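Novice: 3D model of this:
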Amino acid sequence: MKKVGILGGTFDPPHYGHLIIANEVLSALHLDEIWFMPNQEPPHKQKTQSIENHDRIKMLNLAIEDNSAFKIETIELERTGPSYTVETVKLLNLRDPDHQFFFIIGADMIEYLPKWNKIDELIELVEFVGVERPNYSHLTKYPIQYVDVPAVDVSSSMIRERLKKGWSIRYLLPDSVIRYIEEKQLYGTK
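Specialist: As a prediction, the model looks like this:
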(Lines give C-alpha, C1' and ligand atoms only; values in the text may rest on other atoms or scores of the structure.)
Protein backbone atom coordinates (compact mmCIF):
# COMPACT_ATOMS: atom_id res chain seq x y z
CA MET A 1 0.00 0.00 0.00
CA LYS A 2 1.27 3.42 -0.93
CA LYS A 3 1.20 5.82 2.02
CA VAL A 4 0.20 9.33 0.99
CA GLY A 5 -0.12 12.47 3.08
CA ILE A 6 -2.63 15.06 1.92
CA LEU A 7 -2.05 18.71 2.72
CA GLY A 8 -5.06 20.77 1.75
CA GLY A 9 -5.24 24.53 1.69
CA THR A 10 -5.76 27.62 -0.39
CA PHE A 11 -2.00 27.95 -1.03
CA ASP A 12 -2.68 31.60 -1.70
CA PRO A 13 0.37 31.80 -1.89
CA PRO A 14 2.25 28.62 -0.88
CA HIS A 15 5.06 29.33 1.60
CA TYR A 16 7.83 27.67 3.60
CA GLY A 17 5.41 26.82 6.42
CA HIS A 18 3.52 24.51 4.02
CA LEU A 19 6.75 22.95 2.76
CA ILE A 20 8.18 22.38 6.25
CA ILE A 21 4.96 20.72 7.44
CA ALA A 22 4.89 18.47 4.36
CA ASN A 23 8.53 17.48 4.71
CA GLU A 24 8.32 16.78 8.45
CA VAL A 25 5.20 14.60 8.10
CA LEU A 26 6.70 12.77 5.11
CA SER A 27 9.79 11.95 7.14
CA ALA A 28 8.19 11.25 10.54
CA LEU A 29 5.54 8.86 9.21
CA HIS A 30 7.72 7.33 6.48
CA LEU A 31 5.21 8.26 3.80
CA ASP A 32 5.78 7.69 0.08
CA GLU A 33 4.41 11.04 -1.05
CA ILE A 34 2.73 14.23 0.05
CA TRP A 35 -0.06 15.53 -2.16
CA PHE A 36 -0.73 19.27 -1.97
CA MET A 37 -4.44 19.70 -2.56
CA PRO A 38 -5.66 23.23 -3.34
CA ASN A 39 -9.26 23.91 -2.26
CA GLN A 40 -11.91 25.12 -4.67
CA GLU A 41 -14.11 26.74 -2.03
CA PRO A 42 -12.88 26.06 1.50
CA PRO A 43 -15.96 26.03 3.77
CA HIS A 44 -14.06 27.62 6.67
CA LYS A 45 -12.05 30.42 5.01
CA GLN A 46 -12.05 32.75 2.06
CA LYS A 47 -9.54 32.43 -0.75
CA THR A 48 -8.40 35.57 -2.53
CA GLN A 49 -10.92 36.34 -5.26
CA SER A 50 -8.38 37.97 -7.58
CA ILE A 51 -6.06 34.94 -7.78
CA GLU A 52 -7.01 32.36 -10.40
CA ASN A 53 -6.72 28.64 -9.71
CA HIS A 54 -4.10 28.28 -12.46
CA ASP A 55 -1.92 30.83 -10.64
CA ARG A 56 -2.20 28.89 -7.38
CA ILE A 57 -1.26 25.67 -9.23
CA LYS A 58 1.70 27.36 -10.93
CA MET A 59 2.95 28.77 -7.60
CA LEU A 60 2.60 25.32 -6.00
CA ASN A 61 4.49 23.70 -8.88
CA LEU A 62 7.30 26.20 -8.42
CA ALA A 63 7.34 25.68 -4.65
CA ILE A 64 7.60 21.87 -4.82
CA GLU A 65 9.59 21.39 -8.03
CA ASP A 66 12.76 20.21 -6.28
CA ASN A 67 11.12 17.45 -4.20
CA SER A 68 10.10 14.31 -6.11
CA ALA A 69 7.95 13.11 -3.18
CA PHE A 70 5.74 16.22 -3.43
CA LYS A 71 2.82 16.17 -5.90
CA ILE A 72 -0.22 18.31 -6.62
CA GLU A 73 -3.70 16.78 -6.37
CA THR A 74 -6.34 18.85 -8.20
CA ILE A 75 -9.42 16.75 -7.36
CA GLU A 76 -11.06 19.60 -5.43
CA LEU A 77 -10.46 22.09 -8.24
CA GLU A 78 -12.26 19.73 -10.64
CA ARG A 79 -15.50 20.06 -8.64
CA THR A 80 -17.66 23.09 -8.01
CA GLY A 81 -19.07 24.21 -4.69
CA PRO A 82 -17.59 23.91 -1.20
CA SER A 83 -14.64 21.53 -0.78
CA TYR A 84 -15.85 19.15 1.91
CA THR A 85 -13.07 16.80 2.96
CA VAL A 86 -15.39 13.83 3.47
CA GLU A 87 -16.51 13.93 -0.19
CA THR A 88 -12.93 14.37 -1.41
CA VAL A 89 -11.63 11.45 0.67
CA LYS A 90 -14.42 9.19 -0.60
CA LEU A 91 -13.44 10.02 -4.18
CA LEU A 92 -9.73 9.47 -3.48
CA ASN A 93 -10.41 6.10 -1.81
CA LEU A 94 -12.50 5.00 -4.81
CA ARG A 95 -9.92 6.20 -7.32
CA ASP A 96 -6.86 4.91 -5.45
CA PRO A 97 -7.89 1.85 -3.38
CA ASP A 98 -4.23 0.80 -3.08
CA HIS A 99 -3.35 4.00 -1.18
CA GLN A 100 -3.54 4.74 2.53
CA PHE A 101 -4.28 8.45 3.05
CA PHE A 102 -3.14 10.64 5.94
CA PHE A 103 -4.90 14.00 6.11
CA ILE A 104 -2.61 16.68 7.54
CA ILE A 105 -4.14 19.49 9.58
CA GLY A 106 -2.78 22.31 11.68
CA ALA A 107 -3.81 22.96 15.26
CA ASP A 108 -6.17 25.69 14.02
CA MET A 109 -8.15 22.98 12.19
CA ILE A 110 -7.94 20.53 15.11
CA GLU A 111 -9.94 23.01 17.20
CA TYR A 112 -12.43 23.28 14.33
CA LEU A 113 -12.90 19.50 13.77
CA PRO A 114 -16.25 19.23 15.63
CA LYS A 115 -17.69 21.61 13.01
CA TRP A 116 -16.38 19.67 9.99
CA ASN A 117 -19.01 18.25 7.65
CA LYS A 118 -19.73 14.60 8.56
CA ILE A 119 -16.69 14.39 10.84
CA ASP A 120 -17.77 11.07 12.39
CA GLU A 121 -17.88 9.47 8.95
CA LEU A 122 -14.63 11.14 7.89
CA ILE A 123 -12.55 9.77 10.79
CA GLU A 124 -13.47 6.27 9.58
CA LEU A 125 -12.18 7.02 6.06
CA VAL A 126 -8.81 8.69 6.67
CA GLU A 127 -6.12 9.02 9.32
CA PHE A 128 -5.68 12.55 10.64
CA VAL A 129 -2.20 13.90 11.27
CA GLY A 130 -2.02 16.99 13.45
CA VAL A 131 0.80 19.51 13.51
CA GLU A 132 1.34 22.22 16.09
CA ARG A 133 0.67 25.87 15.33
CA PRO A 134 1.51 28.69 17.72
CA ASN A 135 -1.37 29.84 19.94
CA TYR A 136 -3.67 26.87 19.21
CA SER A 137 -4.70 23.92 21.33
CA HIS A 138 -4.41 20.37 19.99
CA LEU A 139 -6.84 18.85 22.46
CA THR A 140 -9.62 16.90 20.75
CA LYS A 141 -11.78 13.82 21.19
CA TYR A 142 -10.92 12.63 17.68
CA PRO A 143 -8.12 10.15 16.87
CA ILE A 144 -5.19 12.19 15.62
CA GLN A 145 -1.57 11.21 15.15
CA TYR A 146 0.74 14.12 16.01
CA VAL A 147 3.96 15.14 14.31
CA ASP A 148 6.28 17.71 15.83
CA VAL A 149 7.10 20.40 13.31
CA PRO A 150 9.48 23.33 13.80
CA ALA A 151 7.40 26.39 14.64
CA VAL A 152 7.34 28.70 11.63
CA ASP A 153 4.74 31.37 12.21
CA VAL A 154 4.12 32.33 8.60
CA SER A 155 0.76 32.36 6.84
CA SER A 156 -0.52 33.18 3.38
CA SER A 157 -2.63 36.01 4.80
CA MET A 158 0.46 37.51 6.47
CA ILE A 159 2.34 37.36 3.15
CA ARG A 160 -0.55 39.02 1.30
CA GLU A 161 -0.69 41.73 3.98
CA ARG A 162 3.07 42.36 3.70
CA LEU A 163 2.77 42.63 -0.08
CA LYS A 164 -0.09 45.09 0.29
CA LYS A 165 2.15 47.25 2.51
CA GLY A 166 5.12 46.92 0.16
CA TRP A 167 7.17 44.98 2.72
CA SER A 168 9.66 42.25 1.92
CA ILE A 169 8.51 38.63 1.70
CA ARG A 170 11.99 37.26 1.14
CA TYR A 171 12.76 34.07 3.11
CA LEU A 172 9.03 33.43 3.71
CA LEU A 173 8.49 31.52 0.48
CA PRO A 174 10.67 30.16 -2.33
CA ASP A 175 12.34 32.74 -4.58
CA SER A 176 10.75 31.11 -7.66
CA VAL A 177 7.29 31.80 -6.18
CA ILE A 178 8.25 35.38 -5.33
CA ARG A 179 9.43 35.91 -8.93
CA TYR A 180 6.14 34.51 -10.25
CA ILE A 181 4.12 36.80 -7.95
CA GLU A 182 6.13 39.80 -9.17
CA GLU A 183 5.98 38.81 -12.87
CA LYS A 184 2.21 38.28 -12.76
CA GLN A 185 1.69 41.28 -10.43
CA LEU A 186 -0.34 39.14 -8.04
CA TYR A 187 -1.61 40.46 -4.69
CA GLY A 188 -1.21 44.06 -5.83
CA THR A 189 2.52 43.86 -6.57
CA LYS A 190 3.94 46.03 -9.33
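Novice: C-alpha from now on. contacts and neighbour counts both.
Specialist: Fine.
Novice: ranges for the strands of the chain?
Specialist: 2-9, 33-38, 70-72, 99-106, 127-131, 144-147 (DSSP state E).
Novice: so how far is the helix or strand of the chain with the lowest mean pLDDT from its chain's centroid?
Specialist: Every helix and strand of the chain was ranked by mean pLDDT, DSSP states H and E. The lowest is helix 107-112, at a mean of 80. Mean C-alpha position of helix 107-112 versus that of the full chain (CA atoms, centre = their mean, to the nearest Å) differs by 14 Å.
Novice: in that helix, which residues are buried?
Specialist: Buried residues in helix 107-112, counted by 16 or more other CA atoms under 10 Å: A107, D108, M109, I110.
Novice: before we move on, the earlier item: single out the most deeply packed of the strands of the chain.
Specialist: Compared across those, strand 33-38 shows the largest average neighbour count, a mean of 24 (mean count of other CA atoms under 10 Å).
Novice: who does the least confident helix or strand of the chain touch, helix- and strand-wise?
Specialist: Packing partners of helix 107-112 (3 or more CA pairs under 8 Å, 6 or more residues apart in numbering; DSSP states H and E): strand 127-131.
Novice: sheet-wise, list the partners of the strand it packs on with their directions.
Specialist: strand 99-106 (parallel), strand 144-147 (parallel) (DSSP bridges).
Novice: looking at the ones you listed, which is nearest to V177?
Specialist: Closest to V177 of these is strand 99-106 (CA to CA; 22.6 Å).
Novice: quick check: angle from the closest one to strand 2-9?
Specialist: 30 degrees (axes from the mean of the first three to the mean of the last three CA atoms, to 10 degrees).
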